[in-house]
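*Asks:* Just to be clear, the model below is a prediction. Sequence and coordinates:
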Amino acid sequence: MGFKSTGAICRPVALAGYSSVRGAGPATGRYALLLFACILLVACGKPPSLLEQVKKQNELVVLTRNSPTTYYEGPDGPTGLEYELVMGFADYLGVELRLVVPPNFNDILPLVVRGDAHLAAAGLSVTDRRMETIRFGPVYQEITPQLVYRSGSVRPKSLADLDGQLEVVAGSSHAERLQELRREYPDLAWQESDQESETLLTLVWQQLIEYTIADSNELAISRRFYPELKPAFPISEPRSLAWAFARNNDDSLVREAEKYFAAIREEGQLNQLIERYYGHIREFDYVGTRRYQAHILQRLPEYRAMFQSAAESVGMDWRLLAAIGYQESHWNPDAVSPTGVRGIMMLTLAAAKDLDISNRLDPGESIHGGAEYLSRMLKRLPDHIPEPDRTWLALAAYNVGLGHLQDARVLTQKRGGDADKWVDVKKTLPLLSEKKWFQQTRYGYARGREPVRYVENIRSYYDILVWYTEKDETTSEPPKPLLLDSLAL
């Protein structure tokens, strides 16, 4: 249920057939009360602004889409950059959030224009054509639209080189851009699809179509699952992403969105959210990703029950524990480092004694020891540090030691950063190898770049493993790695 503002009354409008997600509680009776309030205000000669309507209705209705870059159901419930941003905006306004997911991306902007929702937060690029009918809010991210193909085929250098089917999301800025480019490439042809960009990327990987166009952030996420996807070239200059509002004389809600974004920029929350979703995927390693996918199929099954049992004993996600084990040893129970750490979880001799582990090379003992060790790191961090930063900081402590992590947190604070946020602490950790900085610390020198790489790798391994296991649960077979014999397994 959305509504339009006619200037005189507030008319409820049904969004039949669309899925929606509420922040909390039913809205029964709200629209009748809102209509009555609107009539009273009109009688007094002052129609309510859209912002006033939202607050009286106690509900912010937002159009979005299911996508890794916008909104999706994660292991711990609803998540995604757009979801986090609009949930924050609803909290800022003091109202509940209701997300509406139309069947097709192509439906989103017409519904905004019609007034069936307060705004759209769906990874929307700001374009001249869209600005003719839509008012955009503040820019929160920059992306680059790229032509995507599959490795193993000839990389096109321009749109004139395309040799196969190009398919893009219907109603997207990519389709709009191709219309513009047809002036330069008169023979350019493409198909528009009601499928999401993520699905079209999968079709390219499956070699069911030759090309698609995806934003750089979408491709960065998908390449971890489909490593053969490659960018050929950008189809335009970088573009801005922003929320979409109806273009009318009432800009009260847009102005409030501007205040909200100004606040989260100044407080560093926007950077922290972008770091949360994209900070660990900026660098892509094809060989490493393919090897990991091969090991998920070939090595993990032998140890999966051990990871599940150990994780259950300390109350954590077994896939996180497995990701740590892979970063430590590639799930090799006989792994030994030059410094003497050994086993799947690469425990030091001192840590093993403290954890009462008698045989570090025993997979079950090592995995349970690693789970307990990480649990201790989590418990020793200050209680006020929230997730997911708490886990990422604990992972850094697992690698470099709690003392060095605390040194980095103190330095972070001295440098004006937030010692409770991974996005700030990870910038400081490398300074522990520089004399100017480690002389100011309690525990001295440390190879501070290592825990940064360590945490970012584990975050990516975890995401991939979540994707694989969710594929299993829906009985859809995950893609098997190609050319396994060519990789050092």
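*Replies:* Nice, thanks for sending it over.

*Asks:* measure stretch 411-423 end to end?
*Replies:* 14 Å (CA to CA, to the nearest Å).

*Asks:* buried set for it?
*Replies:* Leu411, Thr412, Gly417, Asp418, Ala419, Asp420, Lys421, Trp422, Val423 (16 or more other CB atoms under 10 Å). All C-beta spots, glycine's among them, are computed from the backbone N, C-alpha and C.

*Asks:* What of stretch 271-291?
*Replies:* Buried, per 16+ other CB under 10 Å, within stretch 271-291: Gln272, Leu273, Glu275, Arg276, Tyr277, Tyr278, Gly279, His280, Ile281, Thr289, Arg290, Arg291.

*Asks:* ok, so of these, who is nearest Pro451?
*Replies:* His280 (13.1 Å; CB to CB).

*Asks:* mind checking the SS state of the closest one?
*Replies:* Following DSSP: H, G, I helix; E, B strand; the rest coil, His280 is assigned to coil.

*Asks:* show me the contacts for it.
*Replies:* With contact taken as CB atoms under 8 Å, 6 or more residues apart in numbering, His280 is in contact with Val455, Glu456, Asn457, Arg459, Ser460.

*Asks:* So what does Gly315 have for phi and psi?
*Replies:* In terms of degrees, to the nearest 10, the main-chain angles of Gly315 are phi 70, psi 50.

*Asks:* again, but for Arg447
*Replies:* Torsion angles, degrees, to the nearest 10, at Arg447: phi -80, psi 80.

*Asks:* Is it correct that it is in contact with Glu434?
*Replies:* No. Arg447 lies out of contact with Glu434 (CB atoms under 8 Å); the separation is 11.3 Å.

*Asks:* Grab the most central residue of the chain for me.
*Replies:* Tyr277 (3.4 Å; CA atoms, centre = their mean).

*Asks:* which one is it nearest to, not counting chain neighbours?
*Replies:* Counting by CB to CB, 6 or more residues apart in numbering, Leu81 is the residue found nearest to Tyr277 once chain neighbours are left out, at 4.9 Å.

*Asks:* in stretch 334-349, what's buried?
*Replies:* Ala335, Val341, Arg342, Gly343, Ile344, Met345, Met346, Leu347, Thr348.

*Asks:* Now do it: distance to the chain's middle.
*Replies:* Offset of stretch 334-349 from its chain centre (CA atoms, centre = their mean, to the nearest Å): 33 Å.

*Asks:* then that stretch to PDB, C-alphas only?
*Replies:* C-alpha atoms of stretch 334-349 as PDB (Å, rounded to 0.1, in the frame of the first residue of the first chain):
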ATOM      1  CA  ASP A 334      49.700 -31.100   7.700                       C
ATOM      2  CA  ALA A 335      50.500 -27.500   7.000                       C
ATOM      3  CA  VAL A 336      53.600 -26.200   8.800                       C
ATOM      4  CA  SER A 337      55.000 -22.700   8.500                       C
ATOM      5  CA  PRO A 338      58.700 -21.600   8.900                       C
ATOM      6  CA  THR A 339      57.800 -20.000  12.200                       C
ATOM      7  CA  GLY A 340      56.500 -23.200  13.700                       C
ATOM      8  CA  VAL A 341      52.700 -22.700  13.500                       C
ATOM      9  CA  ARG A 342      51.000 -25.800  12.200                       C
ATOM     10  CA  GLY A 343      47.700 -27.600  11.400                       C
ATOM     11  CA  ILE A 344      44.500 -26.500   9.600                       C
ATOM     12  CA  MET A 345      44.100 -23.400  11.900                       C
ATOM     13  CA  MET A 346      47.900 -22.900  12.100                       C
ATOM     14  CA  LEU A 347      48.100 -22.600  15.900                       C
ATOM     15  CA  THR A 348      51.300 -21.600  17.700                       C
ATOM     16  CA  LEU A 349      52.700 -24.000  20.200                       C
END
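
*Asks:* How about residues contacting it?
*Replies:* By CB under 8 Å, 6+ apart, the list of residues contacting stretch 334-349 reads 303, 324-325, 328-329, 331-333, 355, 357, 360-363, 365-367, 369-370, 373.

*Asks:* circling back: want to try TSV for the buried residues of stretch 334-349, with pLDDT as columns?
*Replies:* Shown next, in TSV, are the buried residues of stretch 334-349 (pLDDT from 0 to 100):
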residue	pLDDT
Ala335	90
Val341	87
Arg342	90
Gly343	93
Ile344	95
Met345	95
Met346	93
Leu347	91
Thr348	88
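
*Asks:* mind putting these in TSV, secondary structure included?
*Replies:* Shown next, in TSV, are these (three-state DSSP):
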residue	secondary structure
Ala335	coil
Val341	coil
Arg342	strand
Gly343	coil
Ile344	coil
Met345	coil
Met346	coil
Leu347	strand
Thr348	coil
